[in-house]
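[1] can't give you the sequence, but here's the structure:
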C-alpha cells in the first residue's frame, strides 16, 4: 500500500498490504463520509502493546478518532 500525503512537504508512506498498519488505515478511511474526506486527516502511528515491531494506525478527522 502506498499513501501520498501533502503536509509541510509531500510524504509517501509504504506498507505491506497485509500489515496491521495498512488494515487500520483502510478500515478507518472506509468509515469516512464524502464530506470528511475533504477535511484534513491525521494519521497517528501506534506501536503494538506487546510487540514494538507491530504498528497500528489511528486516524483522526476534525478532532474525532475514527475507530476500527
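    Structure's in. What do you need? None of the values given here were measured: they were computed from a predicted structure. Numbers count the residues shown, from 1 in each chain.
[2] switch to C-alpha atoms for all contacts and neighbour counts from now on
    Noted.
[3] could you list the buried residues of the lowest-mean-pLDDT helix or strand in the chain?
    Lowest by mean pLDDT, DSSP states H and E among the helices and strands of the chain is strand 64-66, with a mean of 77. Going by neighbour count (16 or more other Cα atoms under 10 Å), the buried part of strand 64-66 is residue 66.
[4] Provide the strand pairings for it, with the direction of each partner.
    According to DSSP bridges, strand 64-66 has the following sheet partners: strand 55-61 (antiparallel).
[5] ok, and what's touching the strand it pairs with?
    The contact list for strand 55-61 (Cα atoms under 8 Å, 6 or more residues apart in numbering) reads 20-22, 24-25, 28-29, 36, 39-48, 65-67.
[6] need the contact list for residue 12.
    Residue 12 sits next to 2-5 when contact means Cα under 8 Å, 6+ apart.
[7] now with 10 Å?
    Residues near residue 12 by Cα atoms under 10 Å, 6 or more residues apart in numbering: 2-6.
[8] am I right that it falls within a strand?
    Yes: judged by DSSP: H, G, I helix; E, B strand; the rest coil, residue 12 forms part of a strand.
[9] next one: it from residue 27, what distance?
    Going from residue 12 to residue 27 by Cα to Cα, to the nearest Å gives 19 Å.
[10] same deal with residue 4?
    Relative to residue 27, and taking Cα to Cα, residue 4 is found at 17 Å.
[11] which one of these two is surrounded by more residues?
    Higher neighbour count among residue 4 and residue 27: residue 27, with 15 against 10, using other Cα atoms under 10 Å.
[12] helix, strand, or coil at that one?
    Secondary structure state of residue 27, per three-state DSSP, is helix.
[13] tell me the buried residues in whichever helix or strand residue 21 is part of?
    Applying DSSP states H and E as the criterion places residue 21 in helix 20-30. Within helix 20-30, the residues scored as buried using 16+ other Cα under 10 Å are 20-26, 28-29.
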